[in-house]
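Engineer: My questions concern the predicted model and sequence given below.
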Amino acid sequence: MYSKIWLSKPHFEKEDFDVFKETIVSNWVSTVGPNIASFEKSIESVMGGNSKVVALNSGTSAIHLALKLLEIGSGDEVLCQTFTFCATVNPILYCGATPVFIESEKETWNMCPVFLEEAIQDRLKKKCRPKAIVVVDSYGMPAKWDEILAVSRKYGIPVIEDAAAALGSMYKGQMCGTFGEYSILSFNGNKIVTTSSGGVLICKENHDKERAIYLATQAKQEGFIHGEVGYNFRMSNVLAAIGLKQLTVLEKRVQQRRENHFRYQSFITTLGGIELQKEKNSNFYANFWLNCILLDPSLNSKTSVLKEFSKHNIDVRSLWCPLHLQPYLKKTLYYGDHYSQQLFETGLCLPSSSNLTPEEFDRICQVFKTFLK
Ligand SMILES: *Cc1c(COP(=O)(O)O)cnc(C)c1O
């Protein structure tokens, strides 16, 4: 049996292990230590502008804190992209708020600004004023930020940007992770660079950063006095050290993932019945965290293609099942034309690791050739 080809594998080098060992030996292994602030500074410099970064234990926690900073709680409505991972919406539920799902548009597969405005107008008519809009740069493809932010400004509803998988992606030359009132990144093991697990919240104001750190460290004041319910969300100093090392090769990792994309592009154009997701024009610069394809359903079914890849020990996965169709979210409001259901029914993610070898790439191409003949 061939070795497994993973969808998105962590990419470590010898130096990462050295840094890990050094940090353990330093004794600063908890959520205090010099690497945390250095890691935050590094992300701030990657993001540019006036980004204020808070290092946390996951991207999910970062979304949770963004909602807390917006004082979202029980009875509030939050507009949320439906075509995404469950981690985008779960923090809305942790806060006791109600998600209202918005469909994606066909060019980036991210939140459709037209359905967004339609939803806002309808909610306002029904005397519900949504408190926030959660937009995703899914699979590393930037959303249509000009249009989304125009709607956000028009109605005065703040945006939270879930750029969990989009570190290194840009829209009109601006980094993903800087478009929201609050934005988040993930450093989970499957993302473009990793701290093993981890995330950051990106704010625009210093007082927001200070409050986020306070909430993330059990809302602790002087002398073990706690002002309110806090969280244990801070990043560990050990993981921050790994992250610092990983960030030094971020640009290389983006290039390697983009090279995968162009390799897939030249291979897939030689095949019929498969469409690769691409950047629609030069406004969009994707890190191509994952490469996504749509199958022509009259030629190949998703389940049979998945089966074929799994037989060859290759990790190919379905695109997201839209959240409004998830069993636990079925009773939620939804605005759209069901496009994401079509993405789910015909779409797959292909192995896209930055350390994918030419031999592995050939193995993937061979499987395509067997079922497409
Ligand atoms: C990975 C991911 C998350 C969650 O990040 P964690 O660090 O695993 O909590 C959230 N949203 C999207 C779109 C993701 O890809």
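Structural biologist: Looks like it came in fine.
Engineer: which residues does the residue nearest to residue 230 when sequence neighbours are not counted contact?
Structural biologist: Leaving aside its chain neighbours, residue 230 sits nearest to residue 219 (3.1 Å; criterion: Cβ to Cβ, 6 or more residues apart in numbering). Any C-beta I mention is one placed from the backbone N, CA and C, and that applies to glycine too. Neighbouring residues of residue 219 by Cβ atoms under 8 Å, 6 or more residues apart in numbering: 226, 227, 228, 229, 230.
Engineer: switch to 6 Å and redo it
Structural biologist: 226, 227, 228, 230 (Cβ atoms under 6 Å, 6 or more residues apart in numbering).
Engineer: same deal with residue 24?
Structural biologist: By Cβ under 6 Å, 6+ apart, no residues touch residue 24.
Engineer: what about it, helix or strand, and which?
Structural biologist: Per DSSP states H and E: residue 24 is located in helix 14-26.
Engineer: The residue nearest to residue 230 and the ligand, how far apart?
Structural biologist: As for residue 219, its distance to the ligand is 21 Å (criterion: Cβ to the nearest ligand atom, to the nearest Å).
Engineer: same question, residue 242
Structural biologist: In terms of Cβ to the nearest ligand atom, residue 242 sits 14 Å off from the ligand.
Engineer: Kindly report the same for residue 153.
Structural biologist: With distances taken as Cβ to the nearest ligand atom, residue 153 is found 24 Å from the ligand.
Engineer: Run a quick neighbour tally on that residue.
Structural biologist: When counting by other Cβ atoms under 10 Å, one arrives at 11 neighbours for residue 153.
Engineer: Find the closest residue to the ligand in this protein.
Structural biologist: residue 59 (2.8 Å; Cβ to the nearest ligand atom).
Engineer: Tell me the pLDDT of that residue.
Structural biologist: In this model, residue 59 is scored at 98, pLDDT.
Engineer: what are the phi and psi values for the closest residue to it other than its chain neighbours?
Structural biologist: Closest residue to residue 59 apart from its sequence neighbours, by Cβ to Cβ, 6+ apart: residue 186 at 3.1 Å. Backbone torsions for residue 186, taken as degrees, to the nearest 10, come to phi -110, psi 140.
Engineer: dump the residue contacts of residue 186.
Structural biologist: Counting by Cβ under 6 Å, 6+ apart, residue 186 has contacts 59, 164, 199.
Engineer: Please name the bridge partners of it.
Structural biologist: On the basis of DSSP bridges, residue 186 takes part in beta bridges with residue 199.
Engineer: Next one, pLDDT for it please.
Structural biologist: Residue 186 is given a pLDDT of 98.
Engineer: residues from this protein in reach of the ligand?
Structural biologist: Residues of the chain found near the ligand (Cβ under 6 Å from any ligand atom) are 58-60, 84-85, 87-88, 136, 138, 162, 164-165, 186, 188, 199.
Engineer: Residue 313 touches residue 2, doesn't it?
Structural biologist: Yes - counting by Cβ atoms under 6 Å, residue 2 is a contact partner of residue 313 at 5.2 Å.
Engineer: Local confidence estimate at the spatially most central residue of the chain?
Structural biologist: Ranked by distance to the mean C-alpha position of the chain (Cα atoms, centre = their mean), the top residue is residue 164 at 2.6 Å. Looking at residue 164, its pLDDT stands at 98.
Engineer: one step back: the residue of the chain closest to the ligand: what's it in contact with?
Structural biologist: With Cβ under 6 Å, 6+ apart, residue 59 has these contacts: 164, 184, 186, 199.
Engineer: how does it look with 8 Å?
Structural biologist: Per Cβ under 8 Å, 6+ apart, neighbours of residue 59: 87, 162, 164, 184, 185, 186, 187, 188, 199.
Engineer: ditto for residue 118
Structural biologist: The contact partners of residue 118, by Cβ under 8 Å, 6+ apart, come to residue 335.
Engineer: Okay, and it sits in which element?
Structural biologist: Following DSSP H and E, one finds residue 118 within helix 113-125.
Engineer: again, but for residue 133
Structural biologist: Assessed by DSSP H and E, residue 133 sits inside strand 132-136.
Engineer: Where does the prediction get shaky in the stretch 251-373 of the chain?
Structural biologist: 373 (pLDDT under 70).
Engineer: at 50 instead, please
Structural biologist: Across the stretch 251-373 of the chain, nothing is flagged by pLDDT under 50.
Engineer: quick one: contacts for the residue nearest to the centre of the chain?
Structural biologist: By Cβ under 8 Å, 6+ apart, the contact list for residue 164 reads 59, 85, 87, 88, 136, 184, 185, 186, 188, 191, 199.
Engineer: Dihedrals phi and psi, the fourth one?
Structural biologist: Backbone geometry at residue 88, expressed as degrees, to the nearest 10, gives phi -70, psi -40.
Engineer: Give me the nearest residue to it, chain neighbours excluded.
Structural biologist: residue 162 (5.0 Å).
Engineer: hey, what's that neighbour bridged with?
Structural biologist: Assessed by DSSP bridges, residue 162 has beta-bridge partners residue 136, residue 184.
Engineer: do residue 99 as well
Structural biologist: Beta bridges link residue 99 to residue 78 when assigned by DSSP bridges.
Engineer: For it, which residues are in contact?
Structural biologist: Neighbour list for residue 99: 77, 78, 79, 80, 89, 92, 93, 323, 329, 332 [criterion: Cβ under 8 Å, 6+ apart].
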